[in-house]
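Novice: Sequence below, structure please.
(chains A and B)
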Amino acid sequence: MEYAADLSFLFTSPTKVVYGAGSSRDVGIELAGLGCKRALVVTDGFLQKTDIVAGVVKSLGASCAGVFSDVPPDSGVQAVNCGAEMGRAQGADSIVSVGGGSVMDTAKGMAILLREGGSLLDYQGFQLLTRRQTPHICIPTTAGTGSEVTYFAVIKDHESRRKLIFGDHHIIPDVAILDPSLTVGLPPVLTAATGLDAFSHGLEALTSAQREPISDALGLHAMRLIRRHLPAAVKNGSDMVARGQMLIAATLAGAAFSNAQVGLLHAIAHTVGARHAVHHGTANAIAMPHVVRFNNDVVADRHRLAAEALGVDVRGLSDEAAGLALAQSISDFVSEVGLPITFREAGVPEEDLAACAELAMSDGAIVYNAKPVLHSAEVLGVLREAWSGT
Amino acid sequence: MGIPFFSDEWISAYKTAINGNPAYKTAAADWTYGVVALICKAQPPFFPGDVGIWLDLDRGVCREAKPVSTGEAMKAPFCITGDYARWKQVLKKELEPIKGMMQGKLKLKGDLPTIVRAVQAAQELVNSAAGMDTKFLDE
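Specialist: Here you go, the predicted model:
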């Protein structure tokens, strides 16, 4: 495999990454390094009651401007506006987010409002901001979204029942502190779903229409780590080696897709998640083999790379056959970690698939799919296969 | 001898080009989301001041195309902003506009999903402009 002579790409990943068991205790040092003096801690109600947030607050000491813990699982514009109001009232000059994707994305929205003022809906758009936003340190407690290094924030507007996607290089977090000990308490199902989410970021970055060499390397290594260590993390949540590799993999995959983008798979997962509350990682896991088959005639060579990274024996196979072997291997992997393999099992009603397909056509990710998707009937075909498992 | 890029004459000719493009008419038949404004940022000396273009688009037809201030342009439901060099790349079909937005080469104010849904119409708007005899001021 080689890259084209006229290859042209951009790659941005400015986040400082701090890794290590117990590294979350260094958040105070990292905050001082950013030149900040008062950080608002953003988290959810569950985590606030744990030692995790208490440890972060202790490390911040007098630099802690308060804790905003009203971030719901499917966070929205209202939480962002309320959190920003609290930050302003407390004189916060920075944000430390502690939690999963919803918490980190809420904090990204708050970072905009603390710098620019107004309401989040004023900033609907893409790459609209013109300056760095409020300094932001992320401490992920799941290994999946990669939000700690991405330029996206997905925030729900509950009033219009839409997920708003904010994409801007100015909201990429300044520091990501990866402390594997914080992910130990994550239940097996969530470990599996978030892990497959990270896996899907690596795969879609590898095959996207905007793929490039740096994201290729990040995505492939992320997939390798996840295939090897996710089963162990699911089986024994206290396995610190597995937890650590998963956290690293999620960040690698996050940096990959923040640059190369994702495609049809994420368009489907966003839609099914929004309409039927299927966990984003689970939705990605279910649809992934079917999207691989859909794209196989265009990016079979890329699928071969992914299959090799997963340890699938593709010797003697054509690229097309290697791609199909990859799809089967992913199905087996999803089953192995205990997730459902059809949308029917996940509770998606068959009669809503057509509406999901229509909505997926409006998702920004679809623009980057390896194979151009021009008609909702194509998405519906993939959804039907993912629903029935055929 | 082409028409100077983003001049009043170019904007008028662009309206004609859009309405003369049957592929745009088909691709944008469902577009009922209002005005799309474009802003080209100044790049002295050959493009001295910011220029806004107001495109009143409805169901495959450009009802009006006119120059506006950048302040007015920003009031449109959708406003795409870029540097002179980026717009030149778009018109030469070297930069696909929706991908350019995602990469930060162009800035979008407005609802991204609505724009994404209209990707073919957006492409035809570009094709309409690309088919014009444009004089780029740095060439």
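Novice: May I see the domains of chain A written out as residue ranges?
Specialist: A:16-183, A:188-388 (automatic domain parsing).
Novice: What about residue 29, how many residues nearby?
Specialist: You didn't pick a chain, so chain A it is. Neighbourhood size, A:Ile29 [other Cβ atoms under 10 Å in any protein chain shown]: 10. Using the backbone N, CA and C atoms, a C-beta is placed for each residue, glycine as well.
Novice: wrong one, I was asking about chain B
Specialist: There are 12 residues near B:Ala29, going by other Cβ under 10 Å.
Novice: Can you give the distance of stretch A:306-315 from its chain's centre?
Specialist: 24 Å (Cα atoms, centre = their mean, to the nearest Å).
Novice: Would you indicate which residues of it are buried?
Specialist: Judged by neighbour count using 16 or more other Cβ atoms under 10 Å in any protein chain shown, the buried positions of stretch A:306-315 are A:Ala306, A:Ala307, A:Glu308, A:Ala309, A:Leu310, A:Val312, A:Val314.
Novice: Same question for the helix or strand containing A:His201: list its buried residues.
Specialist: Using DSSP states H and E, A:His201 maps to helix A:188-207. Within helix A:188-207, the residues that count as buried by 16+ other Cβ under 10 Å are A:190-207.
Novice: low pLDDT regions in the stretch 201-350 of chain A?
Specialist: Within the stretch 201-350 of chain A, no range satisfies pLDDT under 70.
Novice: give me that answer again for 90
Specialist: Under the criterion pLDDT under 90, the flagged ranges of the stretch 201-350 of chain A are A:274-275, A:277.
Novice: what does it put close to chain B?
Specialist: Neighbours of chain B within the stretch 201-350 of chain A, by Cβ under 8 Å from any Cβ of the partner chain: A:Ala209, A:Gln210, A:Gln261.
Novice: Nearest residue to the middle of the chain?
Specialist: Answering for chain A, as no chain was given. Centroid-nearest residue in chain A, with Cα atoms, centre = their mean: A:Thr145, separated by 2.3 Å.
Novice: that answer is for a different chain, and I need it for chain B
Specialist: Residue closest to the average C-alpha location in chain B (Cα atoms, centre = their mean): B:Leu38, at 5.2 Å.
Novice: which SS class is that one?
Specialist: Per DSSP: H, G, I helix; E, B strand; the rest coil, the secondary structure class of B:Leu38 is strand.
Novice: looking at it, it is touching B:Ala73, isn't it?
Specialist: Yes - B:Leu38 is within contact range of B:Ala73, at 7.2 Å (criterion: Cβ atoms under 8 Å).
Novice: Can you pull the residues that touch both of the two?
Specialist: Common neighbours of B:Leu38 and B:Ala73 (criterion: Cβ atoms under 8 Å, 6 or more residues apart in numbering or on different chains): B:Gly52, B:Ile53, B:Cys79.
Novice: Tell me the one among those nearest to chain A.
Specialist: Within these, the smallest distance to chain A is 8.3 Å, found for B:Cys79 (Cβ to the nearest Cβ).
Novice: show me what contacts the closest one?
Specialist: B:Val36, B:Ala37, B:Leu38, B:Ile39, B:Ala73, B:Leu108, B:Lys109, B:Gly110.
Novice: Alongside chain A, which residues does chain B contribute?
Specialist: B:98-99, B:101-104, B:106-114, B:116-117, B:119-120.
Novice: Which of the residues you listed fall in strands?
Specialist: The strands, defined by DSSP state E, take in B:Leu106, B:Lys107, B:Leu108, B:Lys109 from the residues of chain B next to chain A.
Novice: Buried only: go through those residues for me.
Specialist: Taking 16+ other Cβ under 10 Å as the criterion, what is buried in those is B:Leu106, B:Lys107, B:Leu108, B:Lys109.
Novice: Of the buried residues of stretch A:306-315, which is the nearest to chain B?
Specialist: Set against chain B, the nearest of the buried residues of stretch A:306-315 by Cβ to the nearest Cβ is A:Ala306 (22.9 Å).
Novice: and B:Asn55, which of the three is it?
Specialist: Heads up, residue B:55 is Leu, not Asn. With three-state DSSP as the basis, B:Leu55 sits in strand.
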